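K.L.:
For reference, the sequence and a predicted model appear below.
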Amino acid sequence: MQNTHLRTYVKKHPDNKMAWYLLGKEYLGEGQEAKANYCFQQAGEVYEAFERSKAPADIWVDYQEKLVEMAEQKEKKHRVRKMWLTLLMLLVLAGLPPADAPGFNRDAADALASALESTDEATENGSGNSGGDSTPVTDSNVFTAGAFGRGDQGEAALAAAWSGSGSNVQTSAVLGMQVAGNWSLWKRNMPVKYIVQTNHSGKLTAQSYDSKQCNCKPPEVSPKIKRLAQAWTAKQESAAALSSAIITYKKQKGTWPKSVAQLAQPFPNNILGETAPGMTQMFPTLLAMHQQEGTGKGGNTTVGTTGVNSDLPSGKNAAFMDTLGGQPFLEDRLEIIVDKSEHKLALVSGNTIIRNYEVGLGGDRTPEGSFVISDKVVNPNGRSNGEFGSRGMQLSDTNYAIHGTNEPNSIGLDESLGCVRMSTEDVEELFALAPQGTPVRIGKDLLPETTLVPEAKDRYRNTLVPKQNNPNKTYHWLN
């Protein structure tokens, strides 16, 4: 029987509550309820957490081969045990078969297993009891996001949420991004997929809010969590714009900026087109991260999404206390991609599409290749309703630009002389989000056909930097 291996395993590792739980599930499947109940008692809070996740009962049949492999490990058993326990936990919570798990994050897995073990130790030693702990307990809500749809079902984000749970009363919400090919789709109203919570006694629970994944009827997400989640997504967009602006300033000036104000000057020093609430508070954290970790190939930062950088100045990470790991979620420098095949322009961070607009192009007259945003100009014709609209972003000092248009019916068609035409609402939002110096890549078959634009009330709208027009130049872009 399969449980022969697990009995041997728990004898050698009596403190492993996960193993007790798995052994109990096998006894229960054989109808030996008394033995199963004993194992569940030994499993303690692991039993409670997994039963609350409402995983389908027949999922354990698929795990037997993996359980045997786990039990037979002799050498390297500590490392292998932690990885398999983590994988099993994630598979149960996500409701997936264990055949494979593409994109599985091993660092997050180790952190999750460690968190499970530390929780067990705290319970066994009697700590974590709200009645006996004099440490003040504060409520907190933190957020992260994961791509759901590639087969991994966002298990890396779920692992991070579980491992990031501390002794405080904490709600870690995992928001779900849809996928399109290799892209993750960022939205202002992403649904809550999971909530991982710790209570006053330090116990962890996980609730799935996806009925297909948990095979259950999940409860409603609270209005407060929904409201905080939308505010969190807006904040991450502001952080991405500010972080990219810091990189541009360093490239242009050779020194680091000292404040947000240095990034938001009148033309031509208008690296930022708009400033958002909270940028002043985020600036020291983002600046310190770039200074300490530098920039990688293409200017992308190498900031991690899990684990707070302990070297940051004291108190500076408070700006991202609502983000799992204490650092911005959209970590890669912003980039603009124009797909001539789909007539789409996307603002991306790494493999995450933040916006995907429909645009007008010039067919073969629109050049392919790599550019950067050089001039950023408000009312490039001297008025908002000119042929270039209310905003223009010149590409590498050429006669090509991304700009608005007074011919909105040309959006989606090849009617320009080579420039990229956008609707007024879209170009004004892109102008606000994409700093000067943002890389631009133009080609074919680069983006999904799905348009990704918020509702009018959720557009990125903040404080426009003054004097961004250029009265000293008449632009002759190839519109």
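P.N.:
Everything's here; your move.
K.L.:
where exactly do the helices run in this structure?
P.N.:
3-12, 17-29, 33-43, 45-52, 64-71, 77-94, 106-124, 155-163, 211-214, 223-253, 279-293, 424-433 (DSSP state H).
K.L.:
Return the member of these having the minimum mean pLDDT.
P.N.:
Within the helices of the chain, confidence is poorest for helix 106-124, with a mean of 40 (mean pLDDT).
K.L.:
and the protein, what are its domains?
P.N.:
Here the domain assignment for the chain is 3-221, 256-479, based on automatic domain parsing.
K.L.:
Nearest spatial neighbour of His343, chain-adjacent residues omitted?
P.N.:
The shortest distance from His343 to any residue that is not its chain neighbour, by C-beta to C-beta, 6 or more residues apart in numbering, is 5.1 Å, and that residue is Gly412. Backbone N, C-alpha and C define where each C-beta goes, glycine included.
K.L.:
Please give me every residue in contact with the one you found.
P.N.:
For Gly412, the contacting residues are His343, Glu358, Val359, Gly360, by C-beta atoms under 8 Å, 6 or more residues apart in numbering.
K.L.:
how about a cut-off of 7 Å?
P.N.:
Contacts for Gly412 (C-beta atoms under 7 Å, 6 or more residues apart in numbering) come out as His343, Glu358, Gly360.
K.L.:
Could you check the pLDDT of the second one?
P.N.:
Same thing as Glu358. For Glu358, the predicted pLDDT is 98.
K.L.:
Was I right to think it contacts His343?
P.N.:
Yes: contact between Glu358 and His343 holds when scored by C-beta atoms under 7 Å: they sit 6.0 Å apart.
K.L.:
out of the two, which sits in the more crowded spot?
P.N.:
Looking at Glu358 and His343 with other C-beta atoms under 10 Å, you find the greater number of neighbours at His343, namely 20 against 16.
K.L.:
Distance of that one relative to Pro439?
P.N.:
The spacing between His343 and Pro439, counted by C-beta to C-beta, to the nearest Å, is 20 Å.
K.L.:
Just give me the neighbour total for the nearest residue to Leu361 once chain neighbours are set aside.
P.N.:
Of all residues beyond its chain neighbours, the one nearest Leu361 is Asp414 (5.4 Å), with distances taken as C-beta to C-beta, 6+ apart. Close neighbours of Asp414, defined as other C-beta under 10 Å, add up to 14.
K.L.:
who are the neighbours in contact with Asp414?
P.N.:
Leu361, Gly362, Gly363.
K.L.:
who touches Cys39 in this structure?
P.N.:
Here Cys39 is in contact with Trp20, Tyr21, Leu23, Gly24, Tyr27 (criterion: C-beta under 7 Å, 6+ apart).
K.L.:
if I look at it, how far off is Arg7?
P.N.:
Here the distance between Cys39 and Arg7 works out to 10 Å (C-beta to C-beta).
K.L.:
same thing with Pro268?
P.N.:
74 Å.
K.L.:
anything in contact with each of Cys39 and Arg7?
P.N.:
With contacts defined as C-beta under 7 Å, 6+ apart, the residues adjacent to both Cys39 and Arg7 are Leu23.
K.L.:
buried sites along stretch 204-211?
P.N.:
By neighbour count, with 16 or more other C-beta atoms under 10 Å as the criterion, the buried positions of stretch 204-211 are Leu204, Thr205, Ala206, Gln207, Ser208, Tyr209, Asp210.
K.L.:
Not counting sequence-adjacent ones, nearest residue to the third one?
P.N.:
Going back to what we said before, that points to Ala206. Beyond its immediate neighbours in the sequence, the residue positioned closest to Ala206 (C-beta to C-beta, 6+ apart) is Val196, lying 4.9 Å away.
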